[in-house]
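Trainee: Have a look; sequence and predicted model below, questions after that.
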Amino acid sequence: MEDKKFDLNSIIGFLLIGLILFWMVYMNQEEVEEASPNEATQTEQVEKQETDSLPSSAADLGSDSSNEVANDSIANLLAQQKLGSFALSELLSKEFEEDFTYIENEFLMLKVSHYGGQIVEAKLKQHDNYLGDPILIAKEGNSKFNIELKTRDGRTLQTKDLYFVPDLKLEGDKQVLTMRLKAEEDKYLEYRYVIHPDDHMLDFGLRSQGLNTILSGESEALLTWQIKSLRHAKSISYENQHSEIIFQYDGGKDDYTNQRERTEETGEKVDWVAYRQHFFSAILLTDSPFKSGKFISENLVQDKQVDTVYTKKYTSEIQLQLKGGEFAEQMNFYYGPTDIKILSTYDRGLDKVVPLGWGIFGWINKYVLIPFFGFLLKFIPSYGLAIVVMTITVRLILSPVTYKSYLSQAKMKVLRPEITQINEKYKDNAMKKQQETMKLYSKTGVSPLSGCIPALLQIPIFYALFRFFPSAFDLRQKGFLWADDLSSYDVIFEWDAYIPLISWAYGNHVSLFPILASIAIFGYMQMTTGQNMQQMQQPGMPNMKVIMYIMPFGMLIFFNNYASGLSLYYFISNLITIGIMLVIKKVIIDEDKILAKIEANKKKPKKKKGRFARKMQEIMEQAEEQKKLREKEQKKKK
């Protein structure tokens, strides 16, 4: 058995532990004795501690108050450095939790920003876009209304960045929103919006008080009104074609921007400016004409496959006149349909916003077609049927003109054999051939222009109708047969993939009404042009056979993205015209009688030629003599 060794380290360890335990017991007894005073002593100590702590809390409160004062002072200083005399507006912005105020009536809901005091969203409650969402003429982020303020201390401030204090109240059945940009309590710039029930137009007053001591003293201030026009229609390219700026200036004149990438127009004494977004418009009007304005339109649709949100960016830069250093303007805003029935009620020339065509074309639309179409809608519930009835009526009214045109063509047909003989006889002498042809026309009493003049007489009506359908607000979202919207293209087949050239020129869909209209036009041209094809193929004349095929094809491409109501009109119009011409040809016109009359005219004594005819005859004879002389000289040289 191994002997146990004495471990000195263990003994030292136990001794140290024992000493530590002994020390802890001893110290604990002393703390108990010191910690057992009477209750009075404990109460005094507690009260003393609480009393001692009071001055510390009071000091903390004083410190917080001082910090608040310091923070306010710093805020005042920063606002003063940033905005100068308008520093108060920066401070007032912290007292309001909301950044917007809403005003509305049965037609409109307007969102007014406290920053800038401007309308940043205009929603039409009773109208939807092609997706079924409410129409937004202006939307937050795409609209700006700003006045540039130049102050005496050299600052240039923009109202769109400054805080306006709102005050909304009712005055009878009107909502009145006052927005004030304050320099002091009695010095401010004020916008006053008044929205009436059942109205798309609201009053807008702009005035200032006490700013003549703050502003720089210049007599003019720049007002900038800008909107990026949102897409509302199925075809963004078609909508974009009918979106532009229109403004009235100089006592009633009107002008507009065109469809280029960027257009800039100017005007003096401006009464109003309208941002037309095809079927909807935003208009700024003034009671006292603006001194001048610059109007800029920028096309935002570079690629209709990609740019699908906005159509155009509109900007107006208007010079406001200050009176005694103060603003005093009474204006109006209009947010609503580009509907001539609504716009005409204001008696301020706003019917010019609707593109009915210039001169006689606009007159025909305004005083004939629009009232007549409205009359038809009172009795015909279908807008498509109303178009059909209007088309039939127009064609029947023009049927005498169609008769004159076809009669002229029938006479030319009867003369065709003789004209062919002349062409063969003088095929190497164009001047002589022309002279003999004119003699034949004069002898038989037939004029080739007699068929052109009736066609020219129809142009004003046709062009007026071409302008009527894209502008007819009543057709918007009204369906007929397979077309769900007569103001846009109809679709019988569509695809998503982009096909080079085809998608660019034709689109990603097939419309049936343009196809039917193209077929009808081809049939009409076959009846009119085809029967005189041979006679018209003269040197220098266009190839009518080629034109007969190109025109319907061009219409097929062109109208594929146009309003289906317009294609419906052309389809019905050409069908009716073909029917009328068939009746004229089969029932009314007798070619044997026409031939007999022509032969009788040949036997009549020649009438004395008119001054113009004599002059033309002399010119042609002189040209013929000069030609003969040149030919003789050439022979001598040989």
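Mentor: Ah, there it is.
Trainee: middle-most residue in this structure, spatially?
Mentor: Q277 (2.1 Å; C-alpha atoms, centre = their mean).
Trainee: I'd guessed that one sits against L136; true?
Mentor: No: with contacts defined as C-beta atoms under 8 Å, Q277 does not count as touching L136, sitting 10.1 Å away. C-betas here are computed from N, CA, C, even on glycine.
Trainee: Can you pull the residues that touch both of these two?
Mentor: Counting by C-beta atoms under 8 Å, 6 or more residues apart in numbering, the contacts common to Q277 and L136 are L230.
Trainee: one step back: so in terms of bridging, what pairs with the residue nearest to the centre of the chain?
Mentor: S243, F280 (DSSP bridges).
Trainee: Just list the residues touching it, thanks.
Mentor: Q277 sits next to 137, 229-230, 232, 239, 243, 311, 338 when contact means C-beta under 8 Å, 6+ apart.
Trainee: next one: T101
Mentor: Contacts of T101 (C-beta under 8 Å, 6+ apart): 111-112, 114, 166, 168, 177.
Trainee: how about 7 Å then?
Mentor: Shown in contact with T101 (C-beta atoms under 7 Å, 6 or more residues apart in numbering): 112, 114, 166, 168, 177.
Trainee: Okay, and the third one sits in which element?
Mentor: Assigning secondary structure by DSSP states H and E places P166 in strand 165-171.
Trainee: Parallel or antiparallel, which strands does that strand pair with?
Mentor: In the sheet containing strand 165-171, its partner strands are strand 174-184 (antiparallel), by DSSP bridges.
Trainee: for the following helix or strand past the strand it pairs with, packing partners?
Mentor: Sequence order places strand 187-195 as the next helix or strand after strand 174-184, per DSSP H and E. Counting by 3 or more C-beta pairs under 7 Å, 6 or more residues apart in numbering; DSSP states H and E, the packing neighbours recorded for strand 187-195 are strand 108-113, strand 174-184, strand 201-209.
Trainee: For L501, find the nearest of those strands.
Mentor: With C-beta to C-beta as the measure, strand 108-113 is the member of the helices and strands packed on strand 187-195 nearest L501 (43.3 Å).
Trainee: The closest one to strand 165-171, inter-axis angle?
Mentor: 150 degrees (axes from the mean of the first three to the mean of the last three C-alpha atoms, to 10 degrees).
Trainee: contact partners of strand 108-113?
Mentor: For strand 108-113, contacts defined as C-beta under 7 Å, 6+ apart pick out 99-104, 118-125, 140, 177, 179, 193, 195, 200, 335.
Trainee: again, but for stretch 162-174
Mentor: Here stretch 162-174 has contacts from 86, 89-90, 92-93, 101, 103, 114-117, 175-182, 191, 194-197, using C-beta under 7 Å, 6+ apart.
Trainee: re the thing from before, next step: the contacts of Q277 restricted to helices.
Mentor: Counted as lying in helices by DSSP state H, out of the contacts of Q277, are E239.
Trainee: could you redo the helices and strands packed on strand 187-195 as TSV and give each row distance to N258 and mean neighbour count?
Mentor: Below are the helices and strands packed on strand 187-195 laid out as TSV (distance: least, C-beta to C-beta, whole Å; neighbours: other C-beta atoms under 10 Å):
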stretch	distance to N258	mean neighbour count
strand 108-113	30	21
strand 174-184	36	20
strand 201-209	27	19
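Trainee: Break the protein down into its structural domains.
Mentor: The chain breaks down by automatic domain parsing into domains covering 91-355, 366-603, 610-638.
Trainee: how about CSV for these, with distance to K82 and mean pLDDT added?
Mentor: Converted to CSV, those look like this (distance: least, C-beta to C-beta, whole Å; pLDDT from 0 to 100):
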stretch, distance to K82, mean pLDDT
domain 91-355, 9, 91
domain 366-603, 47, 78
domain 610-638, 79, 63
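Trainee: And the ones you listed: which comes nearest Q81?
Mentor: Closest to Q81 of these, according to C-beta to C-beta: domain 91-355, at 10.3 Å.
Trainee: Any idea how far apart the tips of the closest one sit?
Mentor: Criterion C-alpha to C-alpha, to the nearest Å; first-to-last residue distance in domain 91-355 is 48 Å.
Trainee: Report the distance from it to the chain centre.
Mentor: Taking C-alpha atoms, centre = their mean, to the nearest Å, one finds the center of domain 91-355 at 15 Å from the center of the full chain.
Trainee: cool, and stretch 382-400?
Mentor: That offset, for stretch 382-400, works out to 30 Å (C-alpha atoms, centre = their mean).
Trainee: do stretch 574-582 as well
Mentor: Offset of stretch 574-582 from its chain centre (C-alpha atoms, centre = their mean): 38 Å.
Trainee: Likewise for stretch 556-576?
Mentor: 23 Å.
Trainee: Buried residues of it, list them for me.
Mentor: Across stretch 556-576, burial judged by 16 or more other C-beta atoms under 10 Å covers 556, 559-576.
Trainee: In strands, which of those fall?
Mentor: Per DSSP state E, strands hold no members of these.
Trainee: Include distance to L481 when you put the contacts of T101 into JSON lines, please.
Mentor: Shown next, in JSON lines, are the contacts of T101 (distance: C-beta to C-beta, whole Å):
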{"residue": "V112", "distance to L481": "44"}
{"residue": "H114", "distance to L481": "51"}
{"residue": "P166", "distance to L481": "51"}
{"residue": "L168", "distance to L481": "49"}
{"residue": "L177", "distance to L481": "47"}
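Trainee: contacts for stretch 381-391?
Mentor: Residues contacting stretch 381-391 (C-beta under 7 Å, 6+ apart): 372-373, 376-377, 380, 474-475, 478, 480-481, 486, 565, 568-569, 572-573, 576.
Trainee: Cross the residues you listed against helices and list the overlap.
Mentor: Counting by DSSP H, the contacts of stretch 381-391 place 372-373, 376-377, 565, 568-569, 572-573, 576 in helices.
Trainee: the helices in the stretch 401-550 of the chain, which residues?
Mentor: 430-444, 452-471, 502-505, 512-528, 533-536, 544-558 (DSSP state H, counting those that start in this stretch).
Trainee: likewise the stretch 201-350 of the chain?
Mentor: Ranges of helices in the stretch 201-350 of the chain, per DSSP H, counting those that start in this stretch, are 236-241, 340-343.
Trainee: Which elements pack onto the longest one?
Mentor: To tie it back to what came earlier, the one meant is helix 236-241. Here helix 236-241 touches strand 310-321, going by 3+ C-beta pairs under 7 Å, 6+ apart.
Trainee: List the buried residues in the strand it packs on.
Mentor: For strand 310-321, a neighbour-count test (16+ other C-beta under 10 Å) marks 310-318, 320 as buried.
Trainee: that older thread, nearest to D153, of the helices and strands packed on strand 187-195?
Mentor: strand 174-184 (11.7 Å).
Trainee: ok, I419 - how many residues close by?
Mentor: Residues within reach of I419, counting by other C-beta atoms under 10 Å, total 19.
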